[in-house]
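**Q** Have a look at this prediction, sequence included:
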Amino acid sequence: VVAAMVACLSSMRSASFHAAPVSSPAHILSPPKNKRAKAANLFFETRVVTMAAAPRKLTIGIIGFGNFGQFLAKTFTQQGHRVIGSSRADYTAQAQEVGAEFVKSPDEMLDLNPGVVILSMSIMSFESVLARLPLERFSSKLIVDVL
C-alpha cells in the first residue's frame, strides 16, 4: 500500500506522463519521413523532457501523525514535498526531525491548503476521528485513507 501511495504521489509530483505515441516497432526504429510527423515527434519529445524536468511539489497533510504518519512524512519530504502533520498528541519534535511541519488541529492544517490529505489512524479510531473532521473543507482535496 505504501509503495503504491509513494508511486502515485511521485508520478503526480513529476507530472511526467511517459506516454509514447502508438506506433509500430518499425516506426520507432526509423525517423519520421514528412515534416508534420517530424514536428509532432519533436513537440512530443520536447513536452516530455520539459514536464519531467519541472516536478511539481505537493503540499500533503497527514491526519494521524503516529509511527506510520511519520514514516509517510519522512518519505514525502525526502522527495521534496511539503508535509503538514496533525494529531491528537503533540508531535512537533518528530515532525521537525523528518522535515515536516506540525499543527495542533486538522482545521489549522486545512488553513495551509494541502492538495492531498492522508488519513493515517488506526481502524479503531477511524470513525470517531472522521466524525470530528470539518468534512465541508475537504471538497477540493485528494483524500487518501491508509486503511
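**A** On my side now, so go ahead.

**Q** What ranges in this protein fall below the confidence cut-off?
**A** For the chain, the stretches with pLDDT under 70 are 1-54.

**Q** now do 50
**A** Flagging of the chain using pLDDT under 50 yields the residue ranges 13-29, 46, 48-50.

**Q** buried set for stretch 71-91?
**A** Applying a neighbour-count criterion of 16 or more other C-beta atoms under 10 Å, one finds 72-77, 79, 81-87, 91 buried in stretch 71-91. Where you see a C-beta, it was placed from the backbone N, CA and C, and this is true even at glycine.

**Q** How about stretch 98-118?
**A** By 16+ other C-beta under 10 Å, the buried positions in stretch 98-118 come out as 98, 100-103, 106, 109-110, 114-118.

**Q** Of all pairs in those, which one is the farthest apart?
**A** Farthest pair in those (C-beta to C-beta) is 98 and 110. Separation: 20.8 Å.

**Q** re earlier: so which of the buried residues of stretch 98-118 comes closest to residue 65?
**A** Relative to residue 65, the closest of the buried residues of stretch 98-118 is residue 102; by C-beta to C-beta it sits at 6.7 Å.

**Q** Which residues are in contact with the closest one?
**A** Each residue near residue 102 by C-beta atoms under 8 Å, 6 or more residues apart in numbering is listed here: 65, 84, 85, 86, 87, 90, 91, 92, 94, 95, 96.

**Q** List just the nearest of the residues you listed to residue 55.
**A** For the contacts of residue 102, the nearest to residue 55 is residue 84 (19.2 Å; C-beta to C-beta).

**Q** Now the phi/psi pair for that closest one, please.
**A** phi -120, psi 120 (degrees, to the nearest 10).

**Q** Which of the buried residues of stretch 98-118 fall within helices?
**A** Among the buried residues of stretch 98-118, the residues falling in helices (DSSP state H) are 106, 109, 110.

**Q** Just give the closest residue to the last one, not the sequence neighbours.
**A** Pointing back at residue 110 there. Of all residues not flanking residue 110 in the chain, residue 137 sits nearest, at 4.8 Å (C-beta to C-beta, 6 or more residues apart in numbering).
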